[in-house]
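just to be clear, the model below is a prediction. Sequence and coordinates:
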Amino acid sequence: MTAAVAIVLLVPLARRTRRGATEQDFDVEVYRDQLREIDRDVENNLISDKEAEFARAEVGRRLIKVSKETERSAHAVRSLSWAGRLAVIILLPVCAVAGYLSIGNPGMPAQPFAGRQAVPETDPSVRDAQNGQTIEELLANAEAALADDPDDGRGWDVIAPVYMRLGRAPQAVTAYSNAIRLLGSTPIRQAGLGQALFLQAGGIVTPQAREAFQAVLKFEPDNPYASYFMALALAQDGDRDAALQAFTEIAESSPADALWMPPVRHQMQRLAGPDEDDVEAAMAMSEEQRGEMVVGMVAGLDARLQEDPEDIQGWLRLIRSYMVLGRLDDATRALGQALGHFQDGSAQQTALNALALELGLDSGGSTE
């Protein structure tokens, strides 16, 4: 029996000790994910090869450092494992033999195995050891560490893209901002900050987001990712010609099958208006017919927005169109509908109020 118990105890000690998930494990997984993301960005032409090489070197350096820390922890655990083996081999037999000689009973019948199970399968500790920690638990550990050391720039840099993947834009803004403040500006960090600000604002390229994307363009003037959002900012400002020119330049300098080309083409179609055939047909119309065509286009936009009220750019264009047509009541109605759809204090309401101020409209329907 002593030999059997010793074998049972030595088997798990002989195996590689399984450790609970630690902050180092979390860092290693995130750094590996960052390396895969860099490869995807290179394949999609979102970053240059030179920048990718620099980013891989930086992430690789951090990964090596964390791996060494993990190896040191594993070495310490192995040392404890050897101490446990010696205790089982030497102390356990001595204590077992001494105890058996004093209180043992060789004639006692064996107890069934079912009655000797020490740890039920439903024990929570067993489930934790088998399943490990979830990403939310690892994230909570990292957040606790940053709460204790808010000047850990590396921690903020690691946790920022995790927030983005989880859709937690406000936390991602804070993490990217702290990483930039503590570690410095890079294209990856600035692009992440700009996207987080864009998502936080509900699809509006805010002034803060523009600053982030402009910082990316200082590093990489031809970066299509930052160029797209800067062109979108022009469109949201109502500068259709400049926005169309910016999107056209992106399209001309990009491969036809680039991943960002579908949204670029979509924006170009929205901004370009009628094609050459439509223009020729309009020129052949009488003034009254052209007016009816414009009214029909505006009415079509209005109808589409009733079905898709999330399109803030469509609302802005509709209100401007009604003002150009001199239909103040319709412009006011569209303004009221748009304001009522979006949440109070949102970036969309801010853009609508700014346009109303520019056009001399207020929510009550008067013009200044």
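Done, it's in. Numbering: from 1, shown residues only.

contacts, neighbours, all on C-alpha from now
OK.

what's the local residue count around the residue lying closest to Ala347 once chain neighbours are set aside?
Nearest residue to Ala347, sequence neighbours excluded (CA to CA, 6 or more residues apart in numbering): Ala201, at 5.3 Å. A count of nearby residues for Ala201, using other CA atoms under 10 Å, gives 17.

distance of Ala201 from Thr350?
10 Å (CA to CA, to the nearest Å).

check Arg32 too.
40 Å.

again, but for Val42
Counting by CA to CA, the gap from Val42 to Thr350 is 36 Å.

next one: Ala160
27 Å.

quick one: which of those two has more around it?
Taking other CA under 10 Å, Ala160 and Thr350 do not tie; Ala160 has more neighbours (25 against 15).

the more buried one contacts Ala169, correct?
No. Contact criterion CA atoms under 8 Å: Ala160 and Ala169 do not qualify, at 9.3 Å.

burial of the closest residue to Met164 other than its chain neighbours, as a residue count?
In space, Met164 comes closest to Ala172 once its chain neighbours are excluded; the distance is 5.9 Å by CA to CA, 6+ apart. Number of residues near Ala172 (other CA under 10 Å) recorded here: 27.

next secondary structure after the helix or strand Ala172 falls within?
Here Ala172 sits within helix 169-183, counting by DSSP states H and E. Downstream of helix 169-183, the first helix or strand assigned by DSSP H and E is helix 187-200.

only alpha carbons, please: show that following helix as PDB.
The C-alpha coordinates for helix 187-200 follow below in PDB (Å, rounded to 0.1, in the frame of the first residue of the first chain):
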ATOM      1  CA  PRO A 187       1.800  54.500 -36.000                       C
ATOM      2  CA  ILE A 188       0.200  51.400 -34.500                       C
ATOM      3  CA  ARG A 189      -0.700  53.200 -31.200                       C
ATOM      4  CA  GLN A 190      -2.000  56.300 -32.900                       C
ATOM      5  CA  ALA A 191      -4.100  54.300 -35.400                       C
ATOM      6  CA  GLY A 192      -5.500  52.300 -32.500                       C
ATOM      7  CA  LEU A 193      -6.300  55.500 -30.600                       C
ATOM      8  CA  GLY A 194      -8.000  57.000 -33.700                       C
ATOM      9  CA  GLN A 195     -10.100  54.000 -34.300                       C
ATOM     10  CA  ALA A 196     -11.100  53.800 -30.600                       C
ATOM     11  CA  LEU A 197     -12.100  57.400 -30.600                       C
ATOM     12  CA  PHE A 198     -14.100  56.900 -33.800                       C
ATOM     13  CA  LEU A 199     -16.000  53.900 -32.300                       C
ATOM     14  CA  GLN A 200     -16.600  55.800 -29.100                       C
END
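
which strands and helices sit next to it?
helix 153-165, helix 169-183, helix 207-219 (3 or more CA pairs under 8 Å, 6 or more residues apart in numbering; DSSP states H and E).

for that helix, buried residues please.
Buried positions in helix 187-200, judged by neighbour count with 16 or more other CA atoms under 10 Å: 187-200.

and after the helix or strand hosting Gly340, which helix or strand comes next?
Element membership for Gly340, per DSSP H and E: helix 328-341. Per DSSP H and E, the first helix or strand lying C-terminal to helix 328-341 is helix 347-359.

what angle do helix 328-341 and that next one make with each other?
160 degrees (axes from the mean of the first three to the mean of the last three CA atoms, to 10 degrees).

in helix 347-359, what's buried?
Buried, per 16+ other CA under 10 Å, within helix 347-359: 347-349, 351-353, 355-356.

packing partners for that helix?
So helix 347-359, by 3+ CA pairs under 8 Å, 6+ apart, packs with helix 312-324, helix 328-341.

got the angle for the last one vs helix 312-324?
When the same axes, to 10 degrees is applied, the directions of helix 328-341 and helix 312-324 differ by 160 degrees.

who are the packing partners of helix 328-341?
Looks like helix 328-341 contacts helix 312-324, helix 347-359 (3+ CA pairs under 8 Å, 6+ apart).

at 7 Å what do you get?
helix 312-324 (3 or more CA pairs under 7 Å, 6 or more residues apart in numbering; DSSP states H and E).

worst-scoring helix or strand of this protein, pLDDT-wise?
helix 124-131 (a mean of 38; mean pLDDT, DSSP states H and E).
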